[in-house]
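# What would the 3D arrangement of this be:
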Amino acid sequence: MDYAAKFASGLTYEDFLAKYGSDTDRRRWSDFHGQVSLSDGQKSLLGSFERDMHVLVMAGAWCGDCVNQCPIFDHFAKATDRIQLRFFDRDDNPDLADALQTCGAARVPAVVFLSEDGKFCGRAGDRTLSKYRQMVSSLTGAACSTGIADSLTEAVVQEWLNEFERIQWMLRTSGRLRQLHGD
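Numbers count the residues shown, from 1 in each chain. Have a look, this model is predicted:
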């Protein structure tokens, strides 16, 4: 899969929701978007990013997991001009859905991180560890708490931020990109 070429054809957050979201879907995304907030420290971290990141997100406007995660990515992108997001509908992009299968299925959201020049850096999704812990605890009883946040939303925000930060530092320390930027 040529992720760089695919990224170029993607939609912004707003355009994705306008094209694929029903009124109900857009309301659900908007409601969750309003529940997400970044701490001053998180905003400062995002503001410190020096390398451009292209982030390809395969999603479904109808998907509950996307409702509860994709607005977080929009908050990150609004906190720095270094993150460019492009969204793709899973059902309208079977090539991407096939390439990004998780556990043998086209699960969403699926996130691909690319360098500014389209080189693959990493992949994440469909849920964070905190979300899976919460799901498992409802199936089997108590699971270990991470103790890192007061709510599931805060934990998911932090876990996604950790992944965005990991990729940023990968880009920042890349010998190839350091040579390109002279730093």
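
# I'd like to know which elements the lowest-mean-pLDDT helix or strand in the chain is packed against.
Considering only helices and strands, the least confidently modelled element of the chain by mean pLDDT, DSSP states H and E is helix 129-140, at a mean of 84. In this structure, helix 129-140 packs against helix 152-173, with contacts taken as 3 or more C-beta pairs under 8 Å, 6 or more residues apart in numbering; DSSP states H and E. Glycine gets a C-beta too; all of them are placed from N, C-alpha and C.

# residues making contact with the helix or strand containing residue 78?
Secondary structure here is read from DSSP states H and E; on that basis residue 78 sits in helix 70-79. With contacts defined as C-beta atoms under 8 Å, 6 or more residues apart in numbering, helix 70-79 is touched by 13, 29, 32-33, 36-38, 42-43, 46-47, 55, 57, 59, 83-85, 87, 109, 111, 156-157, 160-161, 164.

# For the least confident helix or strand of the chain, list every residue counted as buried.
With burial defined by 16 or more other C-beta atoms under 10 Å, the residues of helix 129-140 counted as buried are 130, 131, 133, 134.

# Of those residues, which is the nearest to residue 68?
When these are compared for distance to residue 68 (C-beta to C-beta), residue 131 comes out closest, at 7.9 Å.

# what sits against the closest one?
Applying C-beta under 8 Å, 6+ apart to residue 131 gives the contacts 65, 68, 152, 156.

# Show me which of the residues you listed has the smallest pLDDT value.
Looking at the contacts of residue 131, model confidence by pLDDT dips furthest at residue 152: 91.

# Would you mind measuring from that one to residue 138?
12 Å (C-beta to C-beta, to the nearest Å).

# ok, now residue 74?
With distances defined as C-beta to C-beta, the gap from residue 74 to residue 138 amounts to 28 Å.

# Do you have the strands of the chain handy? List them.
Residue ranges of the strands in the chain, as given by DSSP state E, are 53-59, 83-89, 110-115, 120-125.

# so what strands line up beside the first one?
Next to strand 53-59 in the sheet, as set by DSSP bridges, lie strand 83-89 (parallel), strand 110-115 (antiparallel).

# As a markdown table, those strands with distance to residue 101, mean pLDDT and mean neighbour count would be great.
Listed next are the strands paired with strand 53-59 as a markdown table, based on distance: least, C-beta to C-beta, whole Å; pLDDT from 0 to 100; neighbours: other C-beta atoms under 10 Å:
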| stretch | distance to residue 101 | mean pLDDT | mean neighbour count |
| --- | --- | --- | --- |
| strand 83-89 | 14 | 98 | 21 |
| strand 110-115 | 8 | 98 | 23 |
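
# Tell me the buried residues in stretch 48-58?
Applying a neighbour-count criterion of 16+ other C-beta under 10 Å, the buried positions in stretch 48-58 are 49, 51, 52, 53, 54, 55, 56, 57, 58.

# now the fifth one, nearest residue through space, not along the chain?
To tie it back to what came earlier, the one meant is residue 54. Excluding the flanking residues, the one nearest residue 54 by C-beta to C-beta, 6 or more residues apart in numbering is residue 114, at 4.0 Å.
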